[in-house]
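Participant: This is a predicted model, with the sequence first.
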Amino acid sequence: MKKATLGVLAVAAVLTLAVWAVDVSGTWEMSRPGRDGQIMTTDITIVQEGSKIKVTMPSFRPEGEPMVGEGTIEGNAIAWKIVRQTPRGEMIMEYKGTVDGAAMKGTFKMMDREIEWTAKKK
């Protein structure tokens, strides 16, 4: 009986967190410093289903295919990962941040570099 009650409470807690999750679906203008220090802006698109997100970003190269990653939104914490195959092997890009209304900020980690980013909802 206690196990069943705990199970029901656990499911209720997960569903409650999903309801409290911020809605980040839509297009966001993301800004980050480029290699030369100049601020670069790109539009990213986020599709959200509950606490799961799918993020589509333009390639770093003008002729490249868009990059697609998956992640989560829990409360106001957002995180996603993009894994790409390159001639030099697998490259993993990890984005972590927080959402505050129509704004986000966080860090982007790739290899040994960590870069700050911001985004605002369009």
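Facilitator: Cool, got the structure. Numbering: from 1, shown residues only.
Participant: C-alpha only now, for contacts and for neighbours.
Facilitator: Noted.
Participant: Residue 23 reaches residue 48, doesn't it?
Facilitator: Yes - between residue 23 and residue 48 there is a contact under CA atoms under 8 Å: 7.3 Å.
Participant: Quick check: bridge partners of the residue lying closest to residue 77 once chain neighbours are set aside?
Facilitator: Using CA to CA, 6 or more residues apart in numbering and skipping the chain neighbours, the partner closest in space to residue 77 is residue 98 (4.6 Å). Beta-bridge partners for residue 98, by DSSP bridges, are residue 77, residue 105.
Participant: Now for residue 98: which residues touch it?
Facilitator: Residues near residue 98 by CA atoms under 8 Å, 6 or more residues apart in numbering: 76-78, 104-106.
Participant: Then residue 108?
Facilitator: For residue 108, the contact set (CA under 8 Å, 6+ apart) comprises 93-96, 114-117.
Participant: quick one: which of these is nearest to residue 43?
Facilitator: Of all the contacts of residue 108, residue 43 sits closest to residue 117, with 12.6 Å by CA to CA.
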